[in-house]
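In: No sequence on hand, only this structure:
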């Protein structure tokens, strides 16, 4: 069978993009977008891919001339859809440890303008033990600082040889923090003040928010996929159709002008403030999971797909999202409604089996970040905590009411056990208090300022409703308790 690289003609585009990271996400997200933008004539950019860590290899990608397939499958406009693209945007791939000279030479590429990275959330750190003399430095900020310093030297500090930097690591203010780490390394390494000024003024470190589920190499399906496509592809990557890339900068019009992915019809938003988009994702997408998954699991379901197919749990999910979470997102209502609709289709994706137990990991901190802000805002505006979200916290308490054994913490659903995973102080609280009556248990839980940031017993109606729903879950089970709560609540017209 022929290779995927034998099915396409690969254009020799100028290297304008340096990419730190060779993983599935960037290849199915950023590189896929650049490929489309190149094809549609709004960008003419080749990517130099850099493997930023010592382990792993590039042999499989190189054996295909850095060409691979992105296969997107899921629900769109109420129907199951699939599309594929052979991506040719990566010009070459370099190991910065074993091929340092080739990597360093990229700093002298005259057309280079953009730097994209995905080095995991732990990748953007200030490591005071890092050294300029290392080839390369240990940390990603160290690698980037030395790379840009060598570029500054190579072009005599030319203002137009700076770069636009797009870190997609999932941390808040990722660009700002990356720049801070680079500047701290400049001080540590005693780099010239002129370079530091060039780093700040001639480079643009953007904040980003990214969203797409990438499921990777489909090893259980690859034989059938390759037979259908008629070629071999060792680097084929699968994901969902939905994608979103929000890019923020105080020089956003310049960024958009030089990196106009949106003009290719791609789902890229250029903004001076991405915080509302972050809130939309956290409150609607993540909040939907956190507010419903534990109740769904206790009701006998195991995956998000099962939750969507189950009439009663879907009612609970839709009430949480459309009735409670959506109204408090600081963006136009029609935009938020469209996003919520897309979330429902994403949850229905038959090609992704998302375990409810994986969503349950560290649920207390997730509830604080994803659901609690809505509860507080709603209570301020309506003088009462929203009852469906109170039910969500009661379900969390029921889910976490487990037993410690051999250093682990287990809950029980029917005759089957499940492992509860959270911080030690959270586990200790539930182990100590799970047998209390609902009123006292709830009062003590809401009083834990170390969990919530404050004593939540002061939120009007919160403790009373949570205690009532916890009592109902204990007596009736999660499924009937949820149905009873929804029957009591007035119907909401979406």
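Out: Yes, it's here. What you see is a predicted model; the values in this text were computed from it and never measured.

In: If you count contacts, what does the least confident helix or strand in the chain by mean pLDDT end up packed against?
Out: The helix or strand of the chain with the poorest confidence is strand 403-405; it has a mean of 91 (mean pLDDT, DSSP states H and E). For strand 403-405, the elements it packs on are strand 408-413, helix 424-433, judged by 3 or more CB pairs under 8 Å, 6 or more residues apart in numbering; DSSP states H and E. C-beta: built from backbone N, CA, C; applies to glycine.

In: Could you list the domains of this structure?
Out: 4-271, 275-488 (automatic domain parsing).

In: Tabulate the ones you listed (a markdown table), appending mean neighbour count.
Out: Listed next are the domains of the chain as a markdown table, based on neighbours: other CB atoms under 10 Å:
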| stretch | mean neighbour count |
| --- | --- |
| domain 4-271 | 18 |
| domain 275-488 | 19 |
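
In: mean confidence score for stretch 407-418?
Out: For stretch 407-418, the mean per-residue pLDDT is 94.

In: Endpoints of that stretch, how far apart?
Out: 14 Å (CA to CA, to the nearest Å).

In: ok, and what's touching that stretch?
Out: Here stretch 407-418 makes contact (CB atoms under 8 Å, 6 or more residues apart in numbering) with 297-298, 300, 357, 399-404, 419-422, 427, 430-431.

In: Each with direction, which strands does the least confident helix or strand of the chain pair with?
Out: strand 408-413 (antiparallel) (DSSP bridges).

In: I'd like the helices and strands packed on strand 403-405 written out as TSV, with distance to residue 372 added.
Out: As requested, the helices and strands packed on strand 403-405 are arranged in TSV below (distance: least, CB to CB, whole Å):
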stretch	distance to residue 372
strand 408-413	22
helix 424-433	15
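
In: show me where pLDDT drops low in the stretch 1-150 of the chain?
Out: 121 (pLDDT under 70).

In: all helices for it, in order.
Out: Assigned by DSSP state H, counting those that start in this stretch, the stretch 1-150 of the chain shows helices spanning 24-28, 30-39, 59-62, 100-105, 140-154.

In: Please apply the same query to the stretch 351-494 of the chain.
Out: Counting by DSSP H, counting those that start in this stretch, one finds helices in the stretch 351-494 of the chain at the ranges 356-359, 363-370, 372-382, 387-399, 424-433, 438-446, 449-452, 462-476, 478-488.

In: what helices or strands is the last one leaning on?
Out: It stands for helix 478-488. Partner elements for helix 478-488 (3+ CB pairs under 8 Å, 6+ apart): helix 287-298, helix 311-318, helix 387-399, helix 462-476.

In: Could you dump these into TSV and include distance to residue 269?
Out: Below are these laid out as TSV (distance: least, CB to CB, whole Å):
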stretch	distance to residue 269
helix 287-298	20
helix 311-318	26
helix 387-399	28
helix 462-476	35
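
In: Please produce TSV containing the ones you listed, extended by mean pLDDT and distance to residue 148.
Out: Formatted as TSV, the helices and strands packed on helix 478-488 follow (pLDDT from 0 to 100; distance: least, CB to CB, whole Å):
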stretch	mean pLDDT	distance to residue 148
helix 287-298	98	38
helix 311-318	97	46
helix 387-399	98	46
helix 462-476	98	50
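
In: any idea how far the closest residue to residue 452 other than its chain neighbours is from residue 32?
Out: Distances taken as CB to CB, 6 or more residues apart in numbering put residue 368 closest to residue 452, at 5.8 Å, once the chain neighbours are dropped. Remark: distance between residue 368 and residue 32 (CB to CB, to the nearest Å) = 34 Å.

In: With residue 168 instead?
Out: In terms of CB to CB, residue 168 sits 13 Å off from residue 32.

In: all strands of the stretch 151-300 of the chain, in order?
Out: 164-167, 204-205, 207-211, 214-216, 237-239, 244-248, 268-271 (DSSP state E, counting those that start in this stretch).

In: Need the ones you listed in CSV (columns: distance to residue 337 and mean pLDDT).
Out: Below are these laid out as CSV (distance: least, CB to CB, whole Å; pLDDT from 0 to 100):
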stretch, distance to residue 337, mean pLDDT
strand 164-167, 29, 98
strand 204-205, 33, 98
strand 207-211, 17, 97
strand 214-216, 26, 94
strand 237-239, 24, 97
strand 244-248, 16, 98
strand 268-271, 17, 98
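
In: Minimum distance to residue 3: which of those strands has it?
Out: strand 237-239 (15.9 Å; CB to CB).

In: Which strands border that closest one, and is each parallel or antiparallel?
Out: Going by DSSP bridges, the partners of strand 237-239 are strand 68-76 (parallel), strand 214-216 (antiparallel).

In: average model confidence for stretch 184-198?
Out: On average, stretch 184-198 scores 98.

In: for it, how far is the first residue from the last?
Out: Termini of stretch 184-198 sit 15 Å apart (CA to CA).

In: for stretch 431-440, same thing?
Out: 15 Å.

In: How far away from the center of its chain is it?
Out: With CA atoms, centre = their mean, to the nearest Å as the basis, stretch 431-440 stands 35 Å off its chain's centre.

In: what residues does it touch?
Out: 400-404, 409, 441, 444-445, 463, 467-468, 470-471, 474.

In: Which one of the residues you listed is nearest to residue 41?
Out: Nearest member of the contacts of stretch 431-440 to residue 41, counting by CB to CB, is residue 400, at 54.2 Å.

In: Tell me how far the nearest residue to that closest one once chain neighbours are set aside lies from residue 333.
Out: Computed as CB to CB, 6+ apart, the closest residue to residue 400 that is not its neighbour in sequence is residue 430, at 4.6 Å. Per CB to CB, residue 430 is found 38 Å from residue 333.
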